[in-house]
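K.L.:
I'd like to go over a predicted model; first the sequence, then the structure.
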Amino acid sequence: MSEQPITQPGDALWSEDMLWAVAMSDLAVFLLDANGELLHSNDAGRVLAMRLHPDDPHPDPAMLLSYIPEQGWQIAQRDGRWIGEVPTALPGLVLEIKAFAGRDRGRCRRYTVMTDISVRSAREGELRRRHDELQSTYDRLASAQEQLLQSEKMASIGQLAAGVAHEINNPIGYVHSNLGTLQEYASALLALVDGYANALQSSDPAASRPLMKQLRERLDVDFIVGDLPKLLEESREGIERVTKIVQDLKEFSHVERDEPMRPSDLRKGLESTLNIVWNDLKYKAKIDKHYHDVPLVECYLSEINQVFMNLLINAGQAIDDRGLITLAMGVEGDEVWVSVADDGVGIPEDALQRIFDPFYTTKPIGRGTGLGLAIAYRIVAKHHGRIEVHSRPGEGSTFRVVLPISQPVLSRPRAK
């Protein structure tokens, strides 16, 4: 193949200015005729050919055109150009090829530019490798955080188990006692029914009337009739109390992994959480509630309930003897806030700056892991909210959870 350009006036496919620009280029440039035959290559093209064929003292630059796939020329003829990255026979050497095709005054023009991008390709490969490593590390960290969150939640439930068992034991105790009484009442009423049946079967039922009256008095049926509805109502309330505690515990421990956030009732969540921790609080604090009507908030309610639980337990532990815990709720603009305030010992100024740090705690050994507020902070941040803290030593503390009513669209996970 000839590497000499056709330069006759009026018949030149490539002008002298074009050839001069090609010759001065640091890129490997190849000028082709309409059939794809090489007409001219610059010095950079010949150097590139020598790099790819080091054993050949005079390699033909036209051999480099074999790296352009036929589909590449088809795309170039359709769209004007084709760009691709092609590995070569030389290990580690990657070419970026730009193929151009077009027509000028009815004549087809083709040319291609080749660039050694081995360094860039290696750098991009290294970046991809590091990105994959970082993604893998992030996935492991996210998994560890999820496990830590669930572990802390289960640990919290474990700490509350005795209290929950006590709360369940009370209604179960009087339901059990009521069932014993109900059994006695049932026996007495069945005995009375048998008495009536025998009287009706006698030859003179009217003569059995005094005996029936004595039997009613002996069995104290009038008292049973008055007491039985109360006993059943009390037992029903006890079972409902147990059902409510178990349901609250079930909702609290529910894991919403891979589920979308849903509009949820924060008041219901706060009340159910209070129901779970009530045994830890009822001997130490009076609960004062100031709830305003608030809209449903888009969130993972079980996670927000864990935030409420940590704040309620902390409020109870901040009170030495007997005190007041104030729960409040309201709406400001497009945000809903929930506050938990106590009149306990308060938080020192130096500790106030670190209370959300993992494993930092001001509680005695055995009373806290230092993870509760750290996880609460992470949960609220995950919901694009914030926790505000105001505290004075000796006067108590107020934790205010602020959440957006609706999550940003891009942050909403897709339902599977």
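P.N.:
The structure has been received and is ready for your questions.

K.L.:
which intervals of this structure have sub-threshold pLDDT?
P.N.:
1-21, 23, 104-106, 145-146, 148-167, 248-258, 358-371, 410-416 (pLDDT under 70).

K.L.:
mind listing the strands for it?
P.N.:
Per DSSP state E, the chain carries strands over the ranges 28-32, 38-41, 81-87, 94-104, 107-116, 262-264, 285-291, 297-299, 323-332, 335-342, 386-392, 396-404.

K.L.:
Any buried residues in the fourth one, and which?
P.N.:
Residues 94-101 are the ones in strand 94-104 that count as buried (16 or more other Cβ atoms under 10 Å). (Glycine included, C-beta is placed from N, CA and C.)

K.L.:
How about stretch 31-45?
P.N.:
Within stretch 31-45, the residues that count as buried by 16+ other Cβ under 10 Å are 31-33, 36, 38-42, 44-45.

K.L.:
which one of the residues you listed is nearest Pro229?
P.N.:
Gly36 (101.0 Å; Cβ to Cβ).

K.L.:
doesn't Gly72 make contact with the closest one?
P.N.:
No - the criterion here is Cβ atoms under 8 Å, and Gly36 misses it with Gly72 at 11.0 Å.

K.L.:
quick check: angle from the lengthiest helix in the chain to strand 94-104?
P.N.:
In the chain, taking DSSP state H as the definition, the longest helix is helix 118-201. On the basis of axes from the mean of the first three to the mean of the last three Cα atoms, to 10 degrees, helix 118-201 is oriented at 100 degrees to strand 94-104.

K.L.:
helices or strands next to helix 118-201 in the packing?
P.N.:
Applying 3 or more Cβ pairs under 8 Å, 6 or more residues apart in numbering; DSSP states H and E, one finds that helix 118-201 contacts helix 209-219, helix 221-253, helix 266-281, helix 301-317, helix 372-382.

K.L.:
Can you show me the CA trace of stretch 382-397 as PDB?
P.N.:
Output in PDB follows, covering the C-alpha atoms of stretch 382-397 (Å, rounded to 0.1, in the frame of the first residue of the first chain):
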ATOM      1  CA  LYS A 382     -31.200   8.000  58.200                       C
ATOM      2  CA  HIS A 383     -34.700   9.500  58.200                       C
ATOM      3  CA  HIS A 384     -33.200  13.000  57.300                       C
ATOM      4  CA  GLY A 385     -34.200  14.300  60.700                       C
ATOM      5  CA  ARG A 386     -32.200  15.600  63.700                       C
ATOM      6  CA  ILE A 387     -32.100  15.300  67.500                       C
ATOM      7  CA  GLU A 388     -31.900  18.500  69.500                       C
ATOM      8  CA  VAL A 389     -30.700  18.400  73.100                       C
ATOM      9  CA  HIS A 390     -31.200  20.900  75.900                       C
ATOM     10  CA  SER A 391     -29.900  20.200  79.400                       C
ATOM     11  CA  ARG A 392     -28.800  21.900  82.600                       C
ATOM     12  CA  PRO A 393     -27.100  20.000  85.400                       C
ATOM     13  CA  GLY A 394     -29.600  19.500  88.300                       C
ATOM     14  CA  GLU A 395     -32.600  20.700  86.200                       C
ATOM     15  CA  GLY A 396     -33.100  17.900  83.700                       C
ATOM     16  CA  SER A 397     -32.900  17.300  80.000                       C
END
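
K.L.:
tell me which residues of it are tucked away?
P.N.:
382-385, 387, 391, 396-397.

K.L.:
what's the answer for stretch 112-122, then?
P.N.:
Of the residues in stretch 112-122, those buried (16+ other Cβ under 10 Å) are 112-118, 121.

K.L.:
hang on, the earlier thing: give the residues shared as contacts by Gly36 and Gly72.
P.N.:
Residues touching both Gly36 and Gly72 by Cβ atoms under 8 Å, 6 or more residues apart in numbering: none at all.

K.L.:
What is the nearest of the buried residues of stretch 382-397 to Ala206?
P.N.:
So of those, ranked by how close each gets to Ala206 (Cβ to Cβ), first place is Gly396, at 76.6 Å.

K.L.:
Reformat the strands of the chain into TSV and put distance to Leu219 next to each item.
P.N.:
Below are the strands of the chain laid out as TSV (distance: least, Cβ to Cβ, whole Å):
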stretch	distance to Leu219
strand 28-32	113
strand 38-41	119
strand 81-87	99
strand 94-104	101
strand 107-116	107
strand 262-264	54
strand 285-291	46
strand 297-299	58
strand 323-332	50
strand 335-342	54
strand 386-392	63
strand 396-404	59
